[in-house]
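[1] structure, please.
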Amino acid sequence: QVRLVESGGGLVQAGGSLRLSCAASGRTFSSIAINWFRQAPGKEREFVAGISRSVGITSYADSVKGRFTISNDNAKNTVYLQMNTLKLEDTAVYYCAQGRVLGPDKRFVDYWGQGTQVTVSA
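    Next up is the predicted model:
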């Protein structure tokens, strides 16, 4: 079993920054992809960014490219999502997910975190 715990969400003004963390416990996930998804009210859960932890390859949704950066600390079993220049439309619950592939296909997600709320105000 793997447990994923997100933290770092909160309320921030547009243009501000937040850093989310996804800490894993249980089975090591050094060779598995970690993806961040988000879900806004009334919308489907969408892919935000992901990282293949064994080789460090990253992938981003077009909507966050140039603003968000995903990184990992294998020693701490933690993946980070640095979010800069936040926009109103970034408001959502953010989930980290451990899966078998890097990218947006939720069919390959094995474990989900509980989510952390990010609210961007005007």
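[2] flag the shaky bits of the protein, pLDDT-wise.
    For the chain, applying pLDDT under 70 flags the ranges 28-31.
[3] quick one: the strands in it?
    With DSSP state E, the ranges of strands along the chain come out as 2-7, 10-13, 18-26, 33-39, 46-52, 57-60, 68-73, 78-83, 92-99, 109-112, 116-121.
[4] now mean neighbour count too, for the ones you listed, in a markdown table please.
    Yep, even glycine has a C-beta here, placed from its N, CA and C like the rest. Rendered in a markdown table, the data for the strands of the chain read as follows (neighbours: other CB atoms under 10 Å):
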| stretch | mean neighbour count |
| --- | --- |
| strand 2-7 | 17 |
| strand 10-13 | 12 |
| strand 18-26 | 19 |
| strand 33-39 | 23 |
| strand 46-52 | 21 |
| strand 57-60 | 15 |
| strand 68-73 | 18 |
| strand 78-83 | 22 |
| strand 92-99 | 23 |
| strand 109-112 | 16 |
| strand 116-121 | 17 |
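[5] how near is the residue most central in space within the chain to Leu86?
    Computing the C-alpha centroid of the chain and ranking residues by CA atoms, centre = their mean puts Trp36 first, at 2.6 Å. For Trp36, the distance to Leu86 equals 14 Å [CB to CB, to the nearest Å].
[6] could you do Val2 as well?
    Taken as CB to CB, the spacing of Val2 relative to Leu86 amounts to 29 Å.
[7] same check on Leu20?
    In this view, Leu20 and Leu86 are 12 Å apart by CB to CB.
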